[in-house]
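Q: turn this into a structure:
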Amino acid sequence: MLHKAKKTNVSAGMILWLASSLSAVAILPYVTALAPGVLAGAAQEMQISVSTVIVISLVQSCILLGIATFTGLWAAKRLSLGAPLIDAVLNKRPLPYDLKKTSSHVIAVSLATGAVIYVLEMNVFSSVSAQLAIQSSEIELWKGILASFYGGIAEEIQLRLFLLSGIALAIRYVANTMSSERKGAGDLTNGVFWTANVLTAVLFGLLHLPVTAELMPLTPLFVTRIILLNGIVGLIAGLFYRNRGIEMAILFHFILDLFLHVLVPVLT
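A: As a prediction, this is how the structure comes out:
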């Protein structure tokens, strides 16, 4: 039974790793279109060709995503989190929840979140959003669609499965060490979860700063926009991860990115 559980974990990890690695390939056209000078600058600095820079970047991404995937699954298992849908399919068990109903709910929340973010963009951060809109308006829609796979799959594996799980596990360990009342191995209290979720959401915003710095100066308003808007996304994705697993966090983020990178540009 233990051997079967380990085999399932490895299989689930391979599925998520493959999906995230493919998404790392998918985002390349969007990145090169949004910041064309980044790859050329890196190639010039390293004195190699742009194609070599791309290959090195992809290999590095795949290695890091593999570490994030398998380490994240290890940590998630100890918190009673993880990938319940994939586990159910691999073990030929009934799905843990109504997939159609849950997916519809996640999609609805994604669209509502996208609408809130769009309103904030247009009314609170209009000055910086207008500059970004001009740059992104020249990017073909198919590149935005492909980029959405990276946001949904790779970012959720790195941020929710790996980082949130790791932070929560570390916080619980420290709390148990300092407390005389030890929690069980599978317990994830609200306090531990929300601390980890908020920290991960803030880090999610901060991790966008290096890329966006290539597009325009990091003014206080611009930094606030990045942290706040990405933080909102991170908090909601964290909730879906806790309540429905990494698969629904991925779906939420993917649909949201489609809304922001594909639907909004078409409508506006």
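
Q: quick one: low-confidence residue ranges for the chain.
A: Applying pLDDT under 70 to the chain picks out residues 1-8, 130-137, 180-186, 215.

Q: biggest helix in it, by residue count?
A: helix 50-77 (DSSP state H).

Q: give me the buried positions along that helix.
A: 53-54, 61-62, 65-66, 68-77 (16 or more other C-beta atoms under 10 Å). Backbone N, C-alpha and C define where each C-beta goes, glycine included.

Q: in whichever helix or strand comes after that helix, which residues are buried?
A: Downstream of helix 50-77, the next assigned helix or strand under DSSP states H and E is helix 84-90. Within helix 84-90, the residues that count as buried by 16+ other C-beta under 10 Å are 84-88, 90.

Q: tell me what helix 84-90 is packed against?
A: Applying 3 or more C-beta pairs under 8 Å, 6 or more residues apart in numbering; DSSP states H and E, one finds that helix 84-90 contacts helix 2-26, helix 246-258.

Q: from the chain's centroid, how far away is the shortest one?
A: The chain centroid and the centroid of helix 246-258 are separated by 8 Å, computed with C-alpha atoms, centre = their mean, to the nearest Å.

Q: so who does T219 touch?
A: Contacts for T219 (C-beta atoms under 8 Å, 6 or more residues apart in numbering) come out as V128.

Q: just to revisit the earlier point, and the angle from the longest helix of the chain to helix 246-258?
A: Interaxial angle, helix 50-77 versus helix 246-258 (axes from the mean of the first three to the mean of the last three C-alpha atoms, to 10 degrees): 140 degrees.

Q: quick one on the thing from earlier: relative to K101, which of the helices and strands packed on helix 84-90 is closest?
A: With distances scored as C-beta to C-beta, the stretch of the helices and strands packed on helix 84-90 nearest to K101 is helix 246-258 (11.6 Å).

Q: what's the first helix or strand after the closest one?
A: helix 264-267.

Q: which of the residues in that next one are buried?
A: V264.

Q: by contact count, what packs against that helix?
A: Short answer (3+ C-beta pairs under 8 Å, 6+ apart): helix 264-267 packs on helix 141-149.

Q: just checking, what packs against the helix it packs on?
A: Looks like helix 141-149 contacts helix 2-26, helix 28-34, helix 246-258, helix 264-267 (3+ C-beta pairs under 8 Å, 6+ apart).

Q: hmm, back to that, in TSV: the buried residues of helix 84-90, plus distance to L39.
A: As requested, those are exported to TSV (distance: C-beta to C-beta, whole Å):
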residue	distance to L39
P84	38
L85	36
I86	34
D87	38
A88	41
L90	38
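
Q: go through those residues and name the one nearest L239.
A: Checking the buried residues of helix 84-90 against L239 with C-beta to C-beta, the nearest one is P84 at 15.0 Å.

Q: surely the closest one touches N243?
A: No: the pair P84 / N243 is not scored as a contact, 10.3 Å apart, by C-beta atoms under 8 Å.

Q: the residue nearest to T195 when sequence neighbours are not counted: neighbour count?
A: The spatial neighbour of T195 that comes closest, neighbours along the chain excluded (C-beta to C-beta, 6 or more residues apart in numbering), is I171 at 5.7 Å. Neighbours of I171 under the rule other C-beta atoms under 10 Å: 18.
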